[in-house]
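Sequence and computational prediction follow.
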Amino acid sequence: MRIIVIGAGAVGAACALALTEAGAEVVVVDRVGVAGETSSRCEGNILVSDKEPGAEALMAIEANRAWRALAERLDGDRVPGQPATEFEAKGGIVVAFDGGADALQRFAATQRGIGIRADVLDEQALRAAEPHLASDIALGVHYPDDAQVQPSLATQAMLARARHLGAQLRITEVTGAVVEADRVRGVLTPTGRIDADAVVNCAGPWAGDAAALFGSTLDIRPRRGTILVTAPMPQRVFHKVYDADYVGAVGSGDAALQTSTVVESTPGGTVLIGSSRERVGFSDEGLLEPLAEIADKATRLFPFLRDTMLLRTYFGFRPYAPDHLPAIGPDARIAGLFHAAGHEGAGIGLAPTTGALIAHAVLGAQPPLDPTPFLPARATLQGVAA
Amino acid sequence: MSIRIDFDGQPLDGRDGQSIGGILLANGHRTWRTAGGAERGIFCGIGICQDCVVTVNGVEGVRACQRTACDGDRVEREVRA
C-alpha cells in the first residue's frame, strides 16, 4: 500500500514513521523541506501541565509516555544523517500571582484526578526549584512529566528513521489531487503525478487548503505565535516555567492578541520567552506589540531578564482548530483521504500518538487510545476556514 | 604597550588594543564555555554567534571577540549548570 504524507513537519514525520514501521510504502511531500515552517518556529513542548481534563489531556498523557519511548529508541540507535532529538524531561512549574492561586489549585486538583502528576510546592521548595523567580509568587505547582525536544532536530530524527526504513521525501508542492468517484488516487505536483492508495494531510495551518484540493473541507486556521530568544547565559531557569494564565490563553478562541509568560532555558544556554497567540491570517506585520507585551510580562516572572540581551525573535503559525482538538482520522467525504492537523501549540508533543492514530485509521493498527474525539468528520470542522 | 587581564584568577598578558578573545586565544585557551555538553569559544569571531560570551568586570554576556581588553579587566567564564 502506497501512502502520500503531505507535510514534513513533526506531525507528518511522526505519521510517516508510524506508517513506514507498519509496513506501508510512504512518500512524504513538502514544499519547503523538513520542519520548514511551524515545527521549527515553536518551543518543542511536550506538556501535560496545560491540559484540562478531556480528550486532549488523555492524548497528552499517552503521548508523553510515547515520546519517552520514541526518544530513547531514536537517540539510542541513530542512523546516518539522524540528529539527536535533545529530549529533555525537565519538568514544568506553573505559577500564579496573588488572585490566581485558588484557580491554579483547583485546576491542578482536576488534573490529578485523571492521573497527571501535579505537586503543589511550598515556598521553600519553589525557591529551591527556581531561585530566580520573582518574590511575589503566590503558588507554584510542579509537573514532573513535562518535557521538551529540539523540534527541528526531533522532526529530522523521525524522518531520517522513516527514510532509513524506506520512506521517500520529495521537496515539491502538492498543487492538485487525483480523485475518482470520491476516492483518492494520488496527488499532482509541478514535477508530475504521484499515485497513491491513501493521502495523509499533515499540512499544519495549511491543512484547510490541502483539503480543498481534494474537494473537501477542514476548518483549520493559522494562529500566530512569537518567541524571544536571549543571548546565552549561565543557567538561571531550570524548568519550563509559566504563568497559570497560559492555560486560559491556550484554550481561548479569541482572535485578538493574547500573551502569557512562558520561560525556559535551552541546552545551548539561551532562554526562550513566550508566548503569544493571535489570529491575523498569515501576516508578518504588527510583531512589535506581542513582543513588547511578552517581554514586559516575562520580567515580572523573572526580574533578572530586565538586564538580559536579546539575540533574536521568531514567529510561526500554529494550526488552530475552532474546537481546540486536533483532527486525526479519515476525511468526512473522500475515501482514502486522512487528516492529521489542527494541534495548535501541541503538535510536537502529540506527534507520536498522532502517528499511531493515523496508522490505526489507514492500516487498521491497534490504536493507543479512543480515536473518536479527534475524528475530522465532526461538525465543528466542516465550515470553511474564516 | 602591554596589558594584563585576570581570567578566572589567572593573569594573562596581551597587547594594547587586543580583544579579550584575542588574549584568551593567544594564551592557549581555545574554549571557555560549555553548552549542551559541548565546548564553546570563538566560533564566528565577528560578534554574531554569541558563543564566546564571558563575564567582564561583573557584566555578563560580553562577547569576547568584540570587547577590547583593558588593563586590569576581570574576566570570568560563564558556567551552565
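On my side now, so go ahead. Numbering: from 1, shown residues only, chains lettered A, B, ... in the order given.

Show the residue spans covered by the strands in the stretch 51-200 of chain A.
A:92-97, A:119-121, A:137-143, A:147-148, A:168-171, A:176-180, A:183-189, A:192-195, A:198-201 (DSSP state E, counting those that start in this stretch).

so what's the residue in chain B that chain A sits nearest to up against?
Across chain B, no residue is closer to chain A than B:Gly36, which sits at 3.6 Å (C-beta to the nearest C-beta). In this view, the C-beta of every residue, glycine as well, is placed from N, C-alpha and C. For B:Gly36, the contacting residues are A:Glu86, A:Pro267, A:Gly268, by C-beta atoms under 8 Å, 6 or more residues apart in numbering or on different chains.

For the second one, which three-state class applies?
Yep, that's A:Pro267 we're talking about. The three-state assignment at A:Pro267 reads coil, by DSSP: H, G, I helix; E, B strand; the rest coil.

Which pLDDT value goes with it?
You'll see A:Pro267 listed with a pLDDT of 83.

tally of neighbours for the residue lying closest to A:Asp331 once chain neighbours are set aside?
Leaving out its chain neighbours, the residue that sits closest to A:Asp331 by C-beta to C-beta, 6 or more residues apart in numbering or on different chains is A:Leu337, at 4.0 Å. As a burial measure, A:Leu337 scores 26 neighbours (other C-beta atoms under 10 Å in any protein chain shown).

Next: the one 10 residues further on.
Counted with other C-beta under 10 Å, the burial measure for A:Gly347 works out to 28 neighbours.

Now stretch A:239-247 - C-alpha only, PDB.
Taking C-alpha atoms only, stretch A:239-247 is exported to PDB below (Å, rounded to 0.1, in the frame of the first residue of the first chain):
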ATOM      1  CA  HIS A 239      12.200  24.100  34.400                       C
ATOM      2  CA  LYS A 240       9.700  25.200  31.900                       C
ATOM      3  CA  VAL A 241       8.200  28.000  34.000                       C
ATOM      4  CA  TYR A 242       4.900  29.600  33.100                       C
ATOM      5  CA  ASP A 243       2.200  31.800  34.400                       C
ATOM      6  CA  ALA A 244      -1.100  29.900  35.100                       C
ATOM      7  CA  ASP A 245      -2.900  32.300  32.800                       C
ATOM      8  CA  TYR A 246      -1.200  30.400  29.900                       C
ATOM      9  CA  VAL A 247      -3.900  27.700  30.200                       C
END
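
returning to that earlier point: quickly name whichever of the contacts of B:Gly36 is closest to chain B.
Out of those, the member with the shortest distance to chain B (by C-beta to the nearest C-beta) is A:Pro267, at 3.6 Å.

Spell out which parts of chain B neighbour chain A.
With the criterion set to C-beta under 8 Å from any C-beta of the partner chain, chain B comes near chain A through B:33, B:35-37, B:50-51, B:53, B:60-61, B:78-81.

and the longest helix for chain A?
Longest helix of chain A, by residue count under DSSP state H: helix A:55-76.

can you give me the helices for chain B?
Counting by DSSP H, the helices of chain B are B:20-26.

Name the spans of chain B whose pLDDT lies under the cut-off.
Along chain B, the model assigns pLDDT under 70 to residues B:80-81.

quick revisit: which members of the residues of chain B next to chain A are positioned in strands?
B:Arg33, B:Ala35, B:Val53, B:Glu60, B:Gly61 (DSSP state E).

Out of the residues you listed, give me the one that has the most neighbours.
Result: B:Val53 is most packed of those (other C-beta under 10 Å), 26 neighbours.

residues touching that one, list them.
Contacts of B:Val53 (C-beta under 8 Å, 6+ apart): A:Ala231, A:Pro232, A:Met233, B:Arg33, B:Glu60, B:Gly61, B:Val62, B:Arg63, B:Ala64, B:Glu78.

repeat that with 10 Å
Residues in contact with B:Val53 (C-beta atoms under 10 Å, 6 or more residues apart in numbering or on different chains) are A:231-234, A:269, A:309, B:32-33, B:40, B:60-67, B:77-78.

for it, which residues make a bridge with it?
B:Arg63 (DSSP bridges).

State the distance from it to A:Met233.
8 Å (C-beta to C-beta, to the nearest Å).

ok, now A:Gly383?
A:Gly383 sits 46 Å away from A:Met233, going by C-beta to C-beta.

Counting neighbours, what do you get for residue 22?
You didn't pick a chain, so chain A it is. A:Ala22 has 19 nearby residues by other C-beta under 10 Å.

actually it's chain B I care about, not the one you picked
Neighbours of B:Gly22 under the rule other C-beta under 10 Å: 18.

need the contact list for it.
B:Gly14, B:Arg15, B:Ile42, B:Gly45, B:Ala64, B:Cys65, B:Thr68, B:Ala69.

one more time with 7 Å
B:Gly14 (C-beta atoms under 7 Å, 6 or more residues apart in numbering or on different chains).

just the one 5 residues further on next, same as before
By C-beta under 7 Å, 6+ apart, the residues touching B:Asn27 are B:Leu12.

Mind telling me what element A:Glu285 is part of?
For A:Glu285, there is no host helix or strand (DSSP states H and E).

rewinding a little: format the contacts of B:Gly36 as JSON lines; extra columns: neighbour count and distance to A:Thr189.
Converted to JSON lines, the contacts of B:Gly36 look like this (neighbours: other C-beta atoms under 10 Å in any protein chain shown; distance: C-beta to C-beta, whole Å):
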{"residue": "A:Glu86", "neighbour count": "20", "distance to A:Thr189": "33"}
{"residue": "A:Pro267", "neighbour count": "16", "distance to A:Thr189": "37"}
{"residue": "A:Gly268", "neighbour count": "16", "distance to A:Thr189": "36"}
